[in-house]
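**Student:** Predicted model, plus sequence, below.
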2 protein chains.
Amino acid sequence: MGEQFLYLGIYSANNMYSFTELQAIVEKSFGQLQLPNEPKNLYEPISYTISLGGKRIRPVLCLMSANLFSDIIDKAVKPALGIEIFHNFTLIHDDIMDKAELRRGKPTVYRKWNNNVAILSGDAACILAYKYLVQTDAAVLPEVLKVFTTTALEVCDGQQFDMEYERLSLVTEEDYLRMIELKTSVLLAGAAKIGALIGGASMVDAERLYNFGRYLGLAFQLQDDLLDTYGDPKVFGKAIGGDILANKKTFLMITAHKLAAKENLAQLQQLMKDAELASDEKIAGVKQVFDEVGVKDIAEGKISYYFDLALAELSKINVREERKEVLQHFAQKLMGRNR
Amino acid sequence: MGEQFLYLGIYSANNMYSFTELQAIVEKSFGQLQLPNEPKNLYEPISYTISLGGKRIRPVLCLMSANLFSDIIDKAVKPALGIEIFHNFTLIHDDIMDKAELRRGKPTVYRKWNNNVAILSGDAACILAYKYLVQTDAAVLPEVLKVFTTTALEVCDGQQFDMEYERLSLVTEEDYLRMIELKTSVLLAGAAKIGALIGGASMVDAERLYNFGRYLGLAFQLQDDLLDTYGDPKVFGKAIGGDILANKKTFLMITAHKLAAKENLAQLQQLMKDAELASDEKIAGVKQVFDEVGVKDIAEGKISYYFDLALAELSKINVREERKEVLQHFAQKLMGRNR
C-alpha cells in the first residue's frame, strides 16, 4: 500500500481529499486486505461483515483528520482500516447480545453461522483491528494506542450500559447521553484524534478533533433517535417507529416522560404496557404524546446544540480555514444536511 | 509500580528471580490492579477470573525471560500482566464455546453471570490486555506488539481448529500437533519472546526464547494428554480418563488409531461408539488398547523430544550459563520433573 494514493490525481485545490475520494480509498484498501484462508470459519465471517459495507464514516473521518494537517495521508490508511475492523468486531458481538437477525438486510454472523463462530471470529476481528492500527509511525504509536484502547474499552462500557438500561423502567437524560456517547461517539472521536495525531497535529489540536468527533457523534445519534420516529421512511432506510414499538428509552421517550403533564404521562405509560395494541396505533398514540409535549423541537434543539459545539471545536483548530471545509461538509453530510 | 521490585531484597547470586519470587511479583501486581468500578458487570467477571489464580506460568515466563538479559525487570511487569489478562480473556470465551461449567472448581463466568456478560467482559479483557501490554519502552513497542498480535490471532486459530476437530472422526497427528501448538504453545512462546525483547535480547536470542516456549508448550500439552489417562489422580488434580470418556482425539488416541492392529482398532472403535458402557469399563477398555499398542512409551518419547528441543534452544542463547538455570528449573517444574 502507500504510493498509489499519491498518484490518484484527485487533489482538490487545497490538497484535500473529498468524502467520496476517501471512501474509495477505504474500499480499495479493504479490497486488497489479505486475511488468512484458514481456519475458514474464523476469517470468512470477518470478510463477510466488512463486505456488508456501510458509509465507512469512521475510517473516512480518520483519514480526513490526518488530511487536515498533512497532504499525504498514506500513513493513516492502515490505522483507519483498523478502526473500521474494530467497529465490525463490535457489530458481530453486539448482534449476538442483542439477538439481531439482520444487519444491512443480510443475516448477522451468529445467524448465518452460529454463536461460537460469531464469538471467536469477533475476537479475531478485535485483535486484527490492533494489527492494522499499530501500522503507523513509531513516534505517534504510544499515543495512538492509548487513544484507541481507551476508546475501545469505553465502547464496551457503552454496550454494557445499553443492555442494563433495557431492564430499567426509565433512565435519566444524563445517563442516556453518557451511554450514547460511550457506545457511539467516542469511536468517532477516537478515529478523528488518531487521524490528527498521524497527520502531525499538536496535542491540543488533536484533542479539538476528538471533541469534534464526540459532539458530532452525539448529534448524529440523537438525530437517529429523532428519525426513527419522525423520519421519512424512504430516506431513513428502516421502518419508522421501531424504537416506539420496542419501548426503547431514547432521548424522545425520556424527554416525554420528563415533561408530559399528568394525563399525558398516564397515557404514555398505558401505551407502553399494552401488549394487545396494533403497531400503527401504538406508534400513533405515542407520537401524539410526543407532539403534545413538543419532543421534536426539543430534540432538534439538542441536535443543533451538539452540532454547533462540534463546528466550534473545528473552528478553533490551528490550520488554514479552507482546509476545514471538507470536515464541515463531512459533518453536514453525516447529519443529512446536504441532501 | 516499578521501584518496589528493586528493593525486594530477594536477588539470587546471579541477580535472577526464582519462579516463586516472580509468582509473588505477579500476584502483588494483580492485587494493585485498578479496574474501573463501573459498569460492574463488565469488570467484576474479569477480576473474578483473574482471582481464580493458577500458576501464572505465562507472566512468570515473560518476567524470567526479561530477567535472563537484565537484572531489572520492572519494565516487563505490566506487559506480563497483559499476557495473563489475555489468557484470562481466552478462558472466559472458551468456556462459553466449550460449555464448561467449572474453572478451577468455581463456576465459569457465563454460568455465574450469563452469556452476554461473558461475551462483553471477555471483549473488555482482550482490550485491557493490550492496555497493559503496551506499557513498555517505545524502542521495543512495535516488535512487542507484532509478536503479541500474531500470537493472539494464532490462539484464536487454535481454538477454532480444536472446535472443528471435535466434529471429525479422527485428525492426523500433524494436524493435532499444529492445533495444540496454536492453542497452547504460542502464548508461552510469545510471553518468552516479549520478555526477552523488553530485557534487551538480540532478535536472534529473542527468537530462541520463542522456540524454547514453543517446544516447552508442546511437551507440556502432550504431558497433559498423557496424565489425563496415566496420571496419579492426587497429583493431576482432575479425574483420570476424562479425555477417553469424551472421545477426545488426543495424541494418545491418534497414535492408538495409527498403530493398532486390526482387532485392536475394531475394539477401540467399538468402545468409542458404545454409549451404554459404564465409565470405568470404557476407560479400562481403551487403556488396554493403548497399552497393547505401547501408546504411553510413544507419548513419553515425544514429550522428551520436545522437552530436549526446548532446552537445546535455551543452551544456544548468548548469556552466561548460570543465568539460564532459573529457566531450566522453570521447564522442569512445568513438566513436574522437580517434585
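**Tutor:** Received it, and whenever you're ready, just let me know what you need.

**Student:** tell me what the helix or strand hosting A:T149 is packed against?
**Tutor:** Using DSSP states H and E, the element containing A:T149 is helix A:141-166. Where contact means 3 or more CB pairs under 8 Å, 6 or more residues apart in numbering or on different chains; DSSP states H and E, helix A:141-166 is packed against helix A:74-97, helix A:115-133, helix A:173-180, helix A:186-199, helix B:40-51, helix B:115-133, helix B:141-166. To be clear about C-beta, it is placed using only N, CA and C from the backbone, and glycine gets the same treatment.

**Student:** tell me the angle of the following helix or strand past the fourth one relative to helix A:141-166?
**Tutor:** Stepping forward along the backbone from helix A:186-199, the first helix or strand reached (DSSP H and E) is helix A:203-230. Here the directions of helix A:203-230 and helix A:141-166 differ by 30 degrees (axes from the mean of the first three to the mean of the last three CA atoms, to 10 degrees).

**Student:** Pull out the buried residues from helix A:203-230.
**Tutor:** Counting neighbours by 16 or more other CB atoms under 10 Å in any protein chain shown, one finds that the buried residues in helix A:203-230 are A:205-230.

**Student:** now, which of those residues lie close to chain B?
**Tutor:** When contact is defined as CB under 8 Å from any CB of the partner chain, these do not meet chain B at all.

**Student:** so where is chain A shaky, pLDDT-wise?
**Tutor:** Within chain A, the segments meeting pLDDT under 70 span A:1-14, A:338-339.

**Student:** For chain A, which residues are neighbours of chain B?
**Tutor:** So far as CB under 8 Å from any CB goes, chain A lies against chain B at A:36, A:38-39, A:41-42, A:93, A:96-97, A:115-116, A:119-120, A:122-124, A:126-128, A:130-131, A:134, A:138, A:141-142, A:145-146, A:149, A:152-153, A:156-157, A:159-161, A:163-164.

**Student:** Now which of the residues you listed would you call buried?
**Tutor:** Buried by 16+ other CB under 10 Å: A:39, A:41-42, A:93, A:96-97, A:116, A:119-120, A:122-124, A:126-128, A:130-131, A:134, A:141, A:145, A:149, A:152-153, A:156-157, A:159-161, A:163-164, out of these.

**Student:** surely A:A124 meets B:L153?
**Tutor:** Yes - at 6.1 Å, A:A124 counts as touching B:L153 under the criterion of CB atoms under 8 Å.

**Student:** intersection of neighbour lists for these two?
**Tutor:** Common contacts of A:A124 and B:L153 (CB atoms under 8 Å, 6 or more residues apart in numbering or on different chains): none found.

**Student:** roughly how far apart are the residue of chain A positioned farthest from its centre and A:A278?
**Tutor:** Relative to the mean C-alpha coordinate of chain A, counting by CA atoms, centre = their mean, the farthest residue is A:E263 (36.8 Å). The spacing between A:E263 and A:A278, counted by CB to CB, to the nearest Å, is 22 Å.

**Student:** what comes into contact with stretch A:29-44?
**Tutor:** For stretch A:29-44, the surrounding residues in contact (CB under 8 Å, 6+ apart) are A:1, A:46-47, A:50, A:77-78, A:81, A:84, A:113, A:117, A:120-121, A:124, A:128, B:156-157, B:160-161, B:164.

**Student:** Might one say that A:S70 is in contact with A:G199?
**Tutor:** Yes - between A:S70 and A:G199 there is a contact at 4.2 Å, judged by CB under 8 Å.

**Student:** Of the two, which one has the most company?
**Tutor:** More crowded of A:S70 and A:G199, by other CB atoms under 10 Å in any protein chain shown: A:G199, with 26 against 18.

**Student:** is it true that that one touches A:S65?
**Tutor:** Yes - using CB under 8 Å, A:G199 is in contact with A:S65, at 6.4 Å.

**Student:** what touches both of these two?
**Tutor:** A:A76.

**Student:** Start from the N-terminal end of the stretch 201-339 of chain A and give the helices.
**Tutor:** For the stretch 201-339 of chain A, applying DSSP state H, counting those that start in this stretch gives helices covering A:203-230, A:233-236, A:242-245, A:251-259, A:262-273, A:279-293, A:295-316, A:325-334.

**Student:** Identify, out of those, the most deeply packed stretch.
**Tutor:** helix A:203-230 (a mean of 22; mean count of other CB atoms under 10 Å in any protein chain shown).

**Student:** Give me the distance from that one to the chain's centre.
**Tutor:** Remark: helix A:203-230 is offset 9 Å from the chain centroid, using CA atoms, centre = their mean, to the nearest Å.

**Student:** contacting residues for the closest residue to A:R56 other than its chain neighbours?
**Tutor:** Using CB to CB, 6 or more residues apart in numbering or on different chains and skipping residues adjacent in sequence, the residue nearest A:R56 is A:V26, 4.6 Å away. By CB under 8 Å, 6+ apart, the residues touching A:V26 are A:R56, A:P59, A:V60, A:L63, A:A80, A:L81, A:E84.

**Student:** and the helix or strand containing A:V26, C-alpha only, in CSV?
**Tutor:** For A:V26, the element it lies in under DSSP H and E is helix A:19-31. Provided in CSV are the C-alpha atoms of helix A:19-31 (Å, rounded to 0.1, in the frame of the first residue of the first chain):
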residue,chain,number,x,y,z
PHE,A,19,-15.5,12.3,1.4
THR,A,20,-16.2,10.2,-1.7
GLU,A,21,-12.5,10.0,-2.5
LEU,A,22,-11.6,8.8,1.0
GLN,A,23,-14.5,6.3,0.9
ALA,A,24,-12.9,5.0,-2.4
ILE,A,25,-9.5,4.7,-0.7
VAL,A,26,-11.1,2.8,2.2
GLU,A,27,-12.9,0.4,-0.2
LYS,A,28,-9.9,-0.1,-2.3
SER,A,29,-7.8,-0.9,0.7
PHE,A,30,-10.3,-3.3,2.1
GLY,A,31,-10.3,-5.0,-1.4
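
**Student:** Tell me what angle that helix forms with helix A:325-334.
**Tutor:** Going by the same axes, to 10 degrees, helix A:19-31 makes 80 degrees with helix A:325-334.

**Student:** tell me how far helix A:19-31 is from the chain's mean position?
**Tutor:** Its chain's average C-alpha position is 18 Å from that of helix A:19-31, according to CA atoms, centre = their mean.
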